[in-house]
Structure formats: C-alpha cells, structure tokens
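Q: Sequence and predicted structure below; questions after.
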Amino acid sequence: MAASRSPRLRLLHMRDEIESLSKELAGLNFDIYRESYALRRITERAIQIVSEASRALPEDLRARHRDAPWDDIIAIGNPLRHEYHASMTGCCGKPPR
C-alpha cells in the first residue's frame, strides 16, 4: 500500500499537526495570536492538513470512532481550500492591508 494512502500514516499526520500546533500556541493569548501573521498561517495550514487527512480515512475507520466529529473535521478545510480570502479576516485575524 502506498504511504500516501495508508490510514495509519494519515492518522499520524493528524496527530503530529495537532501536537505541533498545540506547542506553538501554548501560553499565548488571543491578542498575540491575532496580531501574528505567522501563527495564523501555521494554524490554518495545520487545520487544512488535519481536514484533508481525515477525508482520506476509510469510512469503516471513521464509523468505529463515532465520537469524533468527522463531518465537522472534514468540512472545516473547505473554507481554507476554497474561500482562502475569508480565512484572512474575521475572528482569526486582521484584514489584509
């Protein structure tokens, strides 16, 4: 099986992104986050990776873990992929100048 199609590898990617992002944001308040272009981009990319990896998980694996909000995890990547301009404003940051 190709590594890119491995459910285990996808789950590891998800775990790694969540753990890494948690470390980057630990101890920061929202004002610091909002003012940092880099932190907002890191967050958006991590969320996009988690969302994309979850889309590739087999349905039977997701069905065995019904407590995870799979539909929400999958859907959160859509605005980042298709409405990238919207992710640059609103609650997560300042509008571009």
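A: Ah, there it is.
Q: So what's the residue count around Pro69?
A: Using other C-beta atoms under 10 Å, Pro69 is surrounded by 11 other residues. To be clear about C-beta, it is placed using only N, CA and C from the backbone, and glycine gets the same treatment.
Q: Could you list the low-confidence segments of the protein?
A: 1-4, 84-97 (pLDDT under 70).
Q: measure the residue nearest the centre of it to Pro79 for me?
A: The centroid of the chain falls nearest to Ile47 when counting by C-alpha atoms, centre = their mean (1.0 Å). Ile47 sits 10 Å away from Pro79 when distances are taken as C-beta to C-beta, to the nearest Å.
Q: ok, back up a step: got the phi and psi for the spatially closest residue to the residue nearest to the centre of the chain that is not a sequence neighbour?
A: Once flanking residues are discounted, Ile47 sits nearest to Ile76: 5.9 Å by C-beta to C-beta, 6 or more residues apart in numbering. For Ile76, the backbone dihedrals (degrees, to the nearest 10) come out as phi -60, psi -20.
Q: doesn't Ser51 make contact with Ile76?
A: Yes: with contact defined as C-beta atoms under 8 Å, Ile76 counts as touching Ser51 (5.3 Å).
Q: So for the two, which residue has more residues nearby?
A: Ser51 (21 against 15).
Q: can you give me the helices for the chain?
A: 7-25, 30-35, 37-55, 59-64, 70-75, 77-82, 84-87 (DSSP state H).
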